[in-house]
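Enquirer: Sequence first, predicted model second:
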Amino acid sequence: MSHKPVPSVTISIIVPLYNEEGSLKVLHQQIREELTAKELEPYEILFINDGSKDSSGEYIVTMDADLQDDPKEISRFITMAEEKQLDLISGWKQKRYDSLEKRVPSKLFNYVVSIFGGIRLHDFNCGLKFYRKRVVKCLNHLIYGEMHRFIPLLAYWNGFAVGEMVVQHRPRTFGKSKYGLFRYFHGLIDLLSLTLLNRFRTRPMHIFGALGMLTLFPGIIINIIFLLEWIITQELHVRPIMIIGISLVTVAIQFFSLGFISDMILQRSAREITYNYNEL
């Protein structure tokens, strides 16, 4: 009795959605037609409310539910990933059908993220992305809040091969955009947080020690001035600047203590938890 070989391609299509009732049936049909035509089976399509992270499937593709992302890009993602041995591919909507007030902040945001992140991508916010399973497994514990927009950056920082591919952006057919200008402001704050965590997560004393030095030296200078005044005049009058000097030294001691405690916690965690890239 002969058995039909199981196809080696396994794809998870993950579609975060938020108030996209009008477009879901159309999008579902387009995805099925594209995957069936390209014989990319078996596959699964997951429609998940307001975002998802999944670790099943060898290939994982995320896309928006508003029909502006073309399901025909899926096969191109897989081809590019195999040819260039990429772990993550971010879509680039080179020609966008969005308003000017949305395009300009987006370009500025992507430019700033590229500078701070060290990897040049034109569209970090594009919902159409390709992942290998090992990327999702590695980054799963790092994604919280609104950090999903920095997944390409986190993947790059963790040693994965990241690229981008120009994708088709279609005009919106249903609903309206859910994004506003505050989204980019929050994104820049998150970028600052990520940058600090990436640079100092293995050496917290460097950041706390630097802050401690910045407050310690001015405090010491102020206190020395008042000490000399007391030695010379035998008088000492409490003034606001004296209180500031004492406070600066106190804050510096707190910064050094935080850095020392953070280093101790980090060393203990390193002994208990080991992330092995080769096991992904």
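Expert: In hand now; what should we look at?
Enquirer: which of the residues in stretch 64-75 are buried?
Expert: Of the residues in stretch 64-75, 64, 65, 66, 67, 68, 69, 70, 71, 73, 74, 75 count as buried by neighbour count, 16 or more other Cβ atoms under 10 Å. Any C-beta I mention is one placed from the backbone N, CA and C, and that applies to glycine too.
Enquirer: Same check on stretch 134-149?
Expert: For stretch 134-149, using 16+ other Cβ under 10 Å, the buried residues are 134, 135, 136, 138, 139, 147, 148, 149.
Enquirer: The third one should be in a helix, yeah?
Expert: This means residue 136. Yes. Checked against DSSP: H, G, I helix; E, B strand; the rest coil, residue 136 lies within a helix.
Enquirer: distance of it from residue 48?
Expert: Applying Cβ to Cβ, to the nearest Å, the value for residue 136 to residue 48 is 14 Å.
Enquirer: Likewise for the second one?
Expert: The spacing between residue 135 and residue 48, counted by Cβ to Cβ, is 18 Å.
Enquirer: average pLDDT across stretch 130-145?
Expert: Averaged over stretch 130-145, pLDDT sits at 82.
Enquirer: So what's the gap between that stretch and the chain middle?
Expert: 10 Å (Cα atoms, centre = their mean, to the nearest Å).
Enquirer: what's the span of it, first residue to last?
Expert: One end of stretch 130-145 to the other measures 21 Å (Cα to Cα, to the nearest Å).
Enquirer: next one: stretch 14-34
Expert: Using Cα to Cα, the end-to-end distance of stretch 14-34 comes out at 15 Å.
Enquirer: Stretch 112-125 now?
Expert: Using Cα to Cα, the two ends of stretch 112-125 sit 13 Å apart.
Enquirer: hmm, who's touching it?
Expert: For stretch 112-125, contacts defined as Cβ atoms under 8 Å, 6 or more residues apart in numbering pick out 90-94, 106, 109-110, 149-150, 152-153, 156-157, 162, 164, 187-188, 191, 195.
Enquirer: are any of these buried, and which?
Expert: Neighbour-count burial (16+ other Cβ under 10 Å) applied to the contacts of stretch 112-125 gives 90-93, 106, 109-110, 149-150, 152-153, 156-157, 162, 164, 187, 191, 195.
Enquirer: Filter those down to the ones in strands?
Expert: When those are checked against strands (DSSP state E), the matches are 90, 91, 92, 162, 164.
Enquirer: Go through the residues you listed and name the one nearest residue 23.
Expert: Of all these, residue 91 has the smallest distance to residue 23: 18.0 Å, by Cβ to Cβ.
Enquirer: what are the ranges of the strands in the chain?
Expert: Going by DSSP E, the chain shows strands at 11-17, 43-49, 59-62, 88-92, 129-132, 162-166.
Enquirer: Including distance to residue 252, could the ones you listed go into a markdown table?
Expert: Formatted as a markdown table, the strands of the chain follow (distance: least, Cβ to Cβ, whole Å):
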| stretch | distance to residue 252 |
| --- | --- |
| strand 11-17 | 45 |
| strand 43-49 | 48 |
| strand 59-62 | 46 |
| strand 88-92 | 42 |
| strand 129-132 | 44 |
| strand 162-166 | 40 |
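Enquirer: what's the least confident stretch among those strands?
Expert: Sorting the strands of the chain by mean pLDDT places strand 43-49 lowest, at a mean of 79.
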